[in-house]
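Colleague: sharing a model that was predicted from the sequence below.
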Amino acid sequence: MKKDTDFVHVFVPGNEITLLLLHGTGGDESSLLSIGHELHPQAALLSVRGNVLESGMPRFFRRFSEGVFDEEDIRFRTKELGDFIKAASKEYNFDTKKLVAVGVSNGANIAAGIFFLEPDLLERAVLFRAMYPLDPIRKPDLSGKSILMAQGTHDHMISKEHAMKLAAVFKEYGADVDLRWIDSGHSLTQEDISHAKKWISKEFP
């Protein structure tokens with residue numbers, strides 16, 4: 001549903017924590033709901049549809065070509081999504097300190113952008129198949145932040161170097177990063193879900 005916010009989204013009430021679900025290119029607000037329930041059956045789910053269209057497919061920011069991002073648009077869209085998260089936390093009464101971003105591909109990249117540009121909004125994230133999104137103008141303080149990165153060893157879209165650069169920069173800025181390599185390509189596997197479920201349960205025992 002679309003309420004008084006700027007994103008088409010779905011909110012499923014829960015307790016304990018809230019999972020912010022951010023789909024990949026071509027997904028929508030329903031794409032990750034089943035994964036969200038599997039990751040934490042008791043969690044509230046806030047699933048968001050990206051506002052950018054690429055050949056009719058929703059995304060969270062523009063790109064010039066595969067792997068070449070429009071950094072100016074990332075900055076604008078990250079601020080836009082950050083404002084949405086703030087408004088949604090008030091509208092649905094959830095604690096952003098107990099918010100976990102769960103992003104896939106393009107959704108993982110915009111979540112990484114939030115850590116770089118709006119670091120106060122997120123404490124934890126599960127990033128499936130993430131790339132380094134942009135160079136932050138100011139070095140963010142990510143101390144105390146926890147991030148799980150799950151990357152595919154045979155991913156034709158994201159090189160090992162790209163993934164390792166993102167993990168290294170997160171660590172440089174102070175985040176606790178768990179980088180897992182999954183024997184797969186760009187698509188998610190049950191192993192991804194299993195690792196993420198265990199990781200979330202450790203963050204919120």
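Modeller: Arrived safely, thanks for sending.
Colleague: can you tell me the element V10 falls in?
Modeller: strand 9-12 (DSSP states H and E).
Colleague: apologies, that question was intended for F116.
Modeller: Using DSSP H and E, F116 falls in helix 106-117.
Colleague: which strands and helices lie in contact with that helix?
Modeller: strand 18-22, helix 71-92, strand 99-104, strand 124-128, helix 160-172 (3 or more C-beta pairs under 8 Å, 6 or more residues apart in numbering; DSSP states H and E). For every residue, glycine as well, the C-beta is placed using N, CA and C.
Colleague: how about low-confidence regions in the protein?
Modeller: Residues of the chain that meet the criterion pLDDT under 70 lie in 1-5.
Colleague: what about N93, neighbour count?
Modeller: 10 (other C-beta atoms under 10 Å).
Colleague: same check, this time on the one 5 residues further on
Modeller: Residues lying near K98 (other C-beta under 10 Å) number 16.
Colleague: same thing with P133?
Modeller: Per other C-beta under 10 Å, the neighbour tally for P133 reads 24.
Colleague: could you check how far it is from A44?
Modeller: 26 Å (C-beta to C-beta, to the nearest Å).
Colleague: thinking again about what came up before, what pairs with the strand holding V10, and is each one parallel or antiparallel?
Modeller: Strand 9-12 sits in its sheet next to strand 44-48 (antiparallel), going by DSSP bridges.
Colleague: quick one: residues in contact with the strand it pairs with.
Modeller: When contacts are defined by C-beta atoms under 8 Å, 6 or more residues apart in numbering, strand 44-48 is touched by residues 7-15, 17-23, 29-33, 36-37, 81, 84, 88, 92, 94.
Colleague: and the angle for it with strand 18-22?
Modeller: 20 degrees (axes from the mean of the first three to the mean of the last three C-alpha atoms, to 10 degrees).
Colleague: pairing partners for the next helix or strand after strand 44-48, with directions?
Modeller: Downstream of strand 44-48, the next assigned helix or strand under DSSP H and E is strand 52-54. The strands that strand 52-54 pairs with in its sheet are strand 57-59 (antiparallel) (by DSSP bridges).
Colleague: circling back to that earlier point, could I get the helices and strands packed on helix 106-117 as a markdown table with distance to K202 and mean neighbour count?
Modeller: Output for the helices and strands packed on helix 106-117, formatted as a markdown table (distance: least, C-beta to C-beta, whole Å; neighbours: other C-beta atoms under 10 Å):
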| stretch | distance to K202 | mean neighbour count |
| --- | --- | --- |
| strand 18-22 | 15 | 28 |
| helix 71-92 | 23 | 17 |
| strand 99-104 | 12 | 26 |
| strand 124-128 | 11 | 28 |
| helix 160-172 | 18 | 16 |
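Colleague: wait, which of these is closest to S143?
Modeller: With C-beta to C-beta, the closest approach to S143 among the helices and strands packed on helix 106-117 belongs to helix 160-172: 10.7 Å.
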